[in-house]
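**Q** quick check, what structure comes out for this input:
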Amino acid sequence: MPESASPARRAVRWDTVVGALLVVVLLLSFTTVDGFGNALNLSFLIGNTLPIALIALPMTLLVVAGEIDLSVASTAGLSGAVMGALWNQGMAIEAIIPVCLLIGVVCGLVNGLLVTRLGLPSLAVTIGTLAAYRGIAQIVLGSDAVTDFPVPYLDFAAGRIGDTFVPYAFVPFLVLLAVAVVALHATPFGRSLFAVGASEEAARFAGIRVKRQKLILFTLTGLMSALTGVFWALHYASARYDNATGLELSVVAAVLLGGIDFDGGKGTLGGAIAGVFLLGALQNVMSLRDVSAQSQIVVTGVLLVLSVLGPRVARQIAVARAGRRAAAAPPPASRTPSPTP
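**A** Just a heads-up that it's a prediction; the model follows:
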């Protein structure tokens, strides 16, 4: 592509649009929404968005590779239910958390094996495990709510650094984000995920072990979902079997809103995280404006539809501009043969 065309192409990249929209929403919220800019509210905004952001990290890699996991919220709920049940039995919290994470690994492995070894579509598989894992969570804990977790853990999950708006839990998230960005955009493993998402058959011919990579991604998604379940129970000081219900819709909406192509092979992690916090900021503003929870779900659904349409429209605009430039370019000068002496 000519060098002069690259700025126009960058201007219509969907993740760039989402990043700019996030900045606009934040600026408007600071200036027009009462209470939005105080430290306590910003801390709530970040803390309430972190569960979506944590799962969005592996979900982005998974969607880039052409797969999806809709059982993430149920895995988080199962992790929280096990955490509450084991705490009721007197187990130390330091021993409970590794058990919960191991359960997430098992849940992710089950999804990955069903997809990679049996060749089942991930959408159908994870819809099934969404119901199964939530049912197991209800069996484990019943309708009980466990709230008496150790105060230092509750303070870490819900507290903020001094008088700032930065939650304690935001710091380890930034570390995980940096690791994910490097893994996806600066390693051979990440580049191979884009190749798998673009064409699985071509990736196999190129020597990429497609099944193994997808199994790793499903396992990693299960692990991060379980970690989210632990964080959820501590952040809201309540372990219930129905924790994180519906979170999968917010995760998928945020990731696709950030420009990750549902068909795989395209997108950036920066765009996905911008989509996560754009969705979080909009939900926070709607809560401050006393918008009902049902209306917020409608907005999330609309954003999900727009997130699928938006990148395609952006690509069509880029293709149309490239076509107009090609049509307007002067034809190459014809070479006339030099006369023979």
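
**Q** and the gap between the residue nearest to the spatial centre of the chain and Asp144?
**A** Nearest residue to the geometric centre of the chain (C-alpha atoms, centre = their mean): Ala56, 1.8 Å. According to C-beta to C-beta, to the nearest Å, Ala56 stands 30 Å off from Asp144. Where C-beta positions appear, they are placed from N, C-alpha and C, glycine not excepted.

**Q** again with Ala195
**A** To Asp144, Ala195 is 47 Å away according to C-beta to C-beta.

**Q** what about these two, which has more around it?
**A** The neighbour comparison of Ala195 against Asp144 (other C-beta atoms under 10 Å) goes to Ala195, with 19 against 14.

**Q** wait, doesn't the more buried one sit right on Ile208?
**A** Yes - using C-beta atoms under 8 Å, Ala195 is in contact with Ile208, at 6.1 Å.

**Q** is Thr300 in contact with Leu249, as I believe?
**A** Yes - assessed by C-beta under 8 Å, Thr300 is found in contact with Leu249 at 6.2 Å.

**Q** quick one: which of the two has more around it?
**A** Using other C-beta under 10 Å, the more surrounded residue of Thr300 and Leu249 is Thr300, with 19 against 16.

**Q** could you find the closest non-adjacent residue to that one?
**A** Of all residues not flanking Thr300 in the chain, Ala253 sits nearest, at 5.4 Å (C-beta to C-beta, 6 or more residues apart in numbering).

**Q** what about that neighbour, which SS state?
**A** Using DSSP: H, G, I helix; E, B strand; the rest coil, the structure places Ala253 in helix.

**Q** how close does it sit to Ile97?
**A** Distance check for Ala253 against Ile97: by C-beta to C-beta, it reads 29 Å.

**Q** what's the answer for Ala137, then?
**A** Applying C-beta to C-beta to Ala137 and Ile97 gives a distance of 17 Å.

**Q** next: Phe156.
**A** Separation of Phe156 from Ile97 (C-beta to C-beta): 12 Å.

**Q** before we move on, back to that, neighbour count: Ala253 and Ile97, which is higher?
**A** Applying other C-beta under 10 Å to Ala253 and Ile97 shows that Ala253 carries more neighbours, namely 24 against 18.

**Q** pLDDT value on that one, please?
**A** Per-residue confidence at Ala253 stands at 86 (pLDDT).

**Q** Ile103 now?
**A** 97.

**Q** doesn't Leu227 make contact with it?
**A** No - the pair Ile103 / Leu227 is not scored as a contact, 11.0 Å apart, by C-beta under 8 Å.

**Q** who's more crowded, the two?
**A** The residue with more neighbours, out of Ile103 and Leu227, is Ile103; 24 against 21, by other C-beta under 10 Å.

**Q** in what helix or strand does that one lie?
**A** Assigned by DSSP states H and E, Ile103 falls within helix 93-116.

**Q** may I ask which helix or strand encompasses the nearest residue in space to Gly104 that is not next to it in sequence?
**A** The spatially closest residue to Gly104, leaving aside those adjacent along the chain, is Ala226, at 2.4 Å (C-beta to C-beta, 6+ apart). Following DSSP H and E, one finds Ala226 within helix 210-235.

**Q** against which helices or strands is that helix packed?
**A** helix 39-64, helix 72-88, helix 93-116, helix 151-158, helix 188-198, helix 200-205 (3 or more C-beta pairs under 8 Å, 6 or more residues apart in numbering; DSSP states H and E).

**Q** could I get those helices as CSV with distance to Thr268?
**A** Putting the helices and strands packed on helix 210-235 into CSV (distance: least, C-beta to C-beta, whole Å) gives the following:
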stretch, distance to Thr268
helix 39-64, 9
helix 72-88, 21
helix 93-116, 23
helix 151-158, 29
helix 188-198, 10
helix 200-205, 20
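
**Q** relative to Ala328, which of these is closest?
**A** Among the helices and strands packed on helix 210-235, the nearest to Ala328 by C-beta to C-beta is helix 188-198 (30.2 Å).

**Q** which residues touch Leu86?
**A** Contacts for Leu86 were tallied using C-beta atoms under 8 Å, 6 or more residues apart in numbering; they are 95-96, 99.

**Q** got those as TSV, with pLDDT columns?
**A** Converted to TSV, the contacts of Leu86 look like this (pLDDT from 0 to 100):
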residue	pLDDT
Ala95	96
Ile96	96
Val99	97
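
**Q** reformat the residues you listed as JSON lines; add neighbour count and distance to Gly275.
**A** Shown next, in JSON lines, are those (neighbours: other C-beta atoms under 10 Å; distance: C-beta to C-beta, whole Å):
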{"residue": "Ala95", "neighbour count": "9", "distance to Gly275": "36"}
{"residue": "Ile96", "neighbour count": "19", "distance to Gly275": "32"}
{"residue": "Val99", "neighbour count": "14", "distance to Gly275": "32"}
